[in-house]
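>>> quick one: sequence and predicted model below, then my questions.
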Amino acid sequence: MGDLTDEARALLAGGATTQEAFIALWRPDRPYYDVTLAVGVAVGNSVENMVRRLEPKSAWSGEPEADEIDTWAETLEASGYFDLHAGLSAAQEPVAKELWRDFRTLLPMPSGVGHHFLRLMDAGHLDEARRELERLRAVTSAWAP
């Protein structure tokens, strides 16, 4: 995987997006899992973090066909697989706990509605997550009977 990760790092350093790096590195004899892992590690995630996020690999059915690779790359990106997951500082921990508590008060909500909030939290962007939470409050209150 080291060579593949090095290739991904070079592509990203050259200005490629994570989607573009995935597309450039994928080929029919190279499992998408390996390419996704390499791009995620090249972004700065640990191997352990990426493996945890990619398992169970069975969530994806089979391997992409050549004519599907753009869609796969877009889906992986939109699903947050290439996001850099940040560890929170001691000062951020209580803020994150408060945001999670507030988010849970909005549940249940339709599938996908809170996706952006979850990505922001995973990335450690707590100020943006707070703004997204306010947006979600407004949206979910409009659904109230």
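Yep, it's here.
>>> every contact and neighbour count from this point should use C-alpha atoms.
Fine.
>>> and this structure, what are its domains?
2-78, 92-143 (automatic domain parsing).
>>> pLDDT on the shortest one, on average?
In other words, domain 92-143. What domain 92-143 shows for mean pLDDT is 92.
>>> just the longest one next, same as before
Confidence over domain 2-78, taken as the mean pLDDT, stands at 91.
>>> which strands or helices does the longest helix anywhere in the chain pack on?
As assigned by DSSP state H, the longest helix anywhere in the chain is helix 126-143. If you count contacts as 3 or more C-alpha pairs under 8 Å, 6 or more residues apart in numbering; DSSP states H and E, helix 126-143 packs onto helix 92-104, helix 115-123.
>>> contact partners of that helix?
92, 95-96, 99, 102-103, 106, 109, 113-114, 116-118, 120-121 (C-alpha atoms under 8 Å, 6 or more residues apart in numbering).
>>> what's the farthest-apart pair in these?
Using C-alpha to C-alpha, the pair of those lying farthest apart is 92 and 109, separated by 25.8 Å.
>>> which one of the domains of the chain lies closest to residue 86?
It is, among the domains of the chain and with distance given as C-alpha to C-alpha, domain 92-143, at 5.0 Å.
>>> what distance separates that closest one from the centre of its chain?
Relative to its parent chain, domain 92-143 has a centroid offset of 16 Å by C-alpha atoms, centre = their mean, to the nearest Å.
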